[in-house]
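> I'd like to go over a predicted model; first the sequence, then the structure.
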Amino acid sequence: MNAQIEGCVAVVTGGSSGIGFETLRLLLGEGAKVAFCGRDSDRLASASAALQHEYPQGDIFAYRCDVLQEAQVVAFAEAVTQRFGGVDMLINNAGQGYVAHFADTPRAAWLHEAELKLFGVINPVQAFLPQLERSAIGSITCVNSLLALQPEEHMIATSAARAALLNMTLTLSKELVGKGIRVNSILLGMVESGQWQRRFAERADKNQSWPEWTAEIARKRGIPMQRLGKPQEAAQALLFLASPLASFTTGAALDISGGFCRHL
Ligand code: NDP
């Protein structure tokens, strides 16, 4: 399929691993120029090298930036504009979840989750908005979680913050439609990636292999497709929503959960 983004510029926050990294691969495969950020320089450098190896002709720009640091995000946007001259697609992916019940969630964690889920999107949107307004295909696509609609007790702070992000994304889609910018999100279930690999490393039974461990999670949680999602499956949905393939779609939240969603 032709995503109609050849020569267009995409920015992916948190592109150095997992879903963000797979999204960059797909974007490059469609001929887009890509910029991405992360906090860790080594991870950024190795992701950039891997992408350049797979796409020797690819135009790839990696930049160290914490999406919660407004000044850093502004500098990132300036650097991307200097490098590519504009931006067409912003994909807000950076982040991670916080696993704890109410009793074990301190005030600082509540505040951090709220900040990460909201300002992790607000900062890049503010910084890249002028460039997106100048694009003929401007889009903002946010990685969100099914927790926004289907909260879990063991991720109470993340669930609440995800719901706030979903709410904000819909409102933003209404405000920016007049500027020709589409705003959408994906609602993830459980997807194999860095976060899960870190939890796998801390598993109780060290004899369990990755396939056994992930299959057990899927069975225990009752995921109808009986597996976790692949980062590429989340990336495919992001590519679709960010590109002109979804040209009549704004304000949407696309479910990527293997059938885990239990509401209409
Ligand atoms: P990974 O840990 O593999 O990737 C996260 C990426 O975000 C890394 O590149 C990381 O780099 C970067 N990042 C994290 N915090 C920041 C920050 N403050 N500023 C800039 N970059 C940052 O995880 P996933 O691919 O799984 O996660 C991608 C998104 O999907 C996240 O928002 C996550 O919450 C969401 N999600 C994932 C689910 C899953 O099951 N995998 C389920 C629901 C939502 P670095 O650490 O170097 O900054």
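On my side now, so go ahead. Numbers count the residues shown, from 1 in each chain.
> Which residue ranges of the stretch 1-150 of the chain form helices?
In the stretch 1-150 of the chain, the helices defined using DSSP state H, counting those that start in this stretch lie at 18-29, 41-54, 70-84, 107-134.
> what's the angle between the longest one and helix 70-84?
Computed by axes from the mean of the first three to the mean of the last three C-alpha atoms, to 10 degrees, the angle separating helix 107-134 from helix 70-84 equals 30 degrees.
> Please apply the same query to the shortest one.
Note on geometry: by the same axes, to 10 degrees, helix 18-29 and helix 70-84 are set 20 degrees apart in direction.
> Grab the CA positions of helix 18-29 and hand them over as PDB.
Output in PDB follows, covering the C-alpha atoms of helix 18-29 (Å, rounded to 0.1, in the frame of the first residue of the first chain):
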ATOM      1  CA  GLY A  18       9.600  -0.400  20.900                       C
ATOM      2  CA  ILE A  19       6.600   1.000  19.100                       C
ATOM      3  CA  GLY A  20       8.300   4.300  18.200                       C
ATOM      4  CA  PHE A  21      11.200   2.500  16.600                       C
ATOM      5  CA  GLU A  22       9.000   0.300  14.600                       C
ATOM      6  CA  THR A  23       7.000   3.300  13.500                       C
ATOM      7  CA  LEU A  24      10.200   5.000  12.200                       C
ATOM      8  CA  ARG A  25      11.000   1.800  10.200                       C
ATOM      9  CA  LEU A  26       7.600   1.900   8.500                       C
ATOM     10  CA  LEU A  27       7.800   5.600   7.800                       C
ATOM     11  CA  LEU A  28      11.200   5.200   6.200                       C
ATOM     12  CA  GLY A  29       9.900   2.300   4.200                       C
END
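> Would you mind measuring from whichever residue of the stretch 51-200 of the chain sits closest to the ligand to Ala3?
Per C-beta to the nearest ligand atom, Gly194 is where the stretch 51-200 of the chain lies closest to the ligand, at 2.4 Å. For glycine as for every other residue, the C-beta is placed from the backbone atoms N, C-alpha and C. From Gly194 over to Ala3 the distance is 25 Å, taken as C-beta to C-beta, to the nearest Å.
> Point to the residue nearest the middle of the chain.
Geometric centre of the chain, nearest residue: Asn93, 2.1 Å, by C-alpha atoms, centre = their mean.
> which residues touch that residue?
Asn93 makes contacts with Val12, Thr13, Gly14, Gly15, Ile19, Gly20, Thr23, Val143, Leu238, as judged by C-beta atoms under 8 Å, 6 or more residues apart in numbering.
> ok, which of those also contact the ligand?
Among the contacts of Asn93, the residues lying close to the ligand (C-beta under 6 Å from any ligand atom) are Thr13, Gly14, Gly15, Ile19, Gly20, Val143.
> wait, what's in contact with Ala246?
Listed by C-beta under 8 Å, 6+ apart, the contact partners of Ala246 are Ser139, Arg182, Asn184, Phe240, Ala252.
> quick one: which of those has the most company?
Using other C-beta atoms under 10 Å as the neighbour criterion, Ser139 leads those with 27 neighbours.
> contacting residues for the residue nearest to that residue when sequence neighbours are not counted?
Among residues not flanking Ser139 along the chain, Arg182 sits closest, at 4.6 Å (C-beta to C-beta, 6 or more residues apart in numbering). Going by C-beta under 8 Å, 6+ apart, Arg182 touches Gly138, Ser139, Ile140, Ser173, Leu176, Leu241, Ala246, Ser247, Thr249, Thr250.
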